[in-house]
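**Student:** Fold the following, please.
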Amino acid sequence: GLKVANIFHAGDGNMHPIILFDARKPGDMEKARAAGAEILCWCIDAGGSITGEHGVGMHKMDFLIQEHGADAIDLMRRLKHAFDPGNLLNPGKIICW
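**Tutor:** Residues are numbered from 1 along each chain as shown. Got it, this is the predicted structure:
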């Protein structure tokens, strides 16, 4: 029930879906979030990545384990902690949650 527009990079396959919804309309926000999750899962299942050239935003954090596995995420957390034990660099972001 929502419209989705996609912008792609011709050379590398990056896609930037734009999910159009009306936040004032009851249920639209939830539909948009579900559509975004479905798109991310499809990308992972197809062997792609959720990161693209912009990295992982807060709304994609929960999909990192699905893409990389729990062991890889644990390694990323430990590496971040080794270089930033005080959690001063980008606090509250990716590997910190």
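**Student:** Name the SS class of residue 66, please.
**Tutor:** Under DSSP: H, G, I helix; E, B strand; the rest coil, residue 66 falls in the helix class.
**Student:** so how far is residue 4 from the residue nearest to it when sequence neighbours are not counted?
**Tutor:** Once flanking residues are discounted, residue 66 sits nearest to residue 44: 5.6 Å by CB to CB, 6 or more residues apart in numbering. For every residue, glycine as well, the C-beta is placed using N, CA and C. Noted for residue 44: a distance of 18 Å to residue 4, by CB to CB, to the nearest Å.
**Student:** Counting neighbours, go ahead and name the busier of the two.
**Tutor:** residue 44 (16 against 13; other CB atoms under 10 Å).
**Student:** so who does the most centrally placed residue in the chain touch?
**Tutor:** Centroid check for the chain by CA atoms, centre = their mean gives residue 60 as the closest residue, at 2.4 Å. Going by CB atoms under 8 Å, 6 or more residues apart in numbering, residue 60 touches 40, 50, 51.
**Student:** Now with 7 Å, please.
**Tutor:** Residues counted as contacts of residue 60 (CB atoms under 7 Å, 6 or more residues apart in numbering) are 40, 50.
**Student:** for the longest helix along the chain, which positions count as buried?
**Tutor:** Assignment by DSSP state H gives helix 28-45 as the longest helix of the chain. By neighbour count with 16 or more other CB atoms under 10 Å, helix 28-45 contains the buried residues 28, 32, 35, 36, 39, 40, 43, 44.
**Student:** Show me the two of those residues that sit farthest apart.
**Tutor:** 28 and 44 (24.9 Å; CB to CB).
**Student:** Cool, thanks, talk later.
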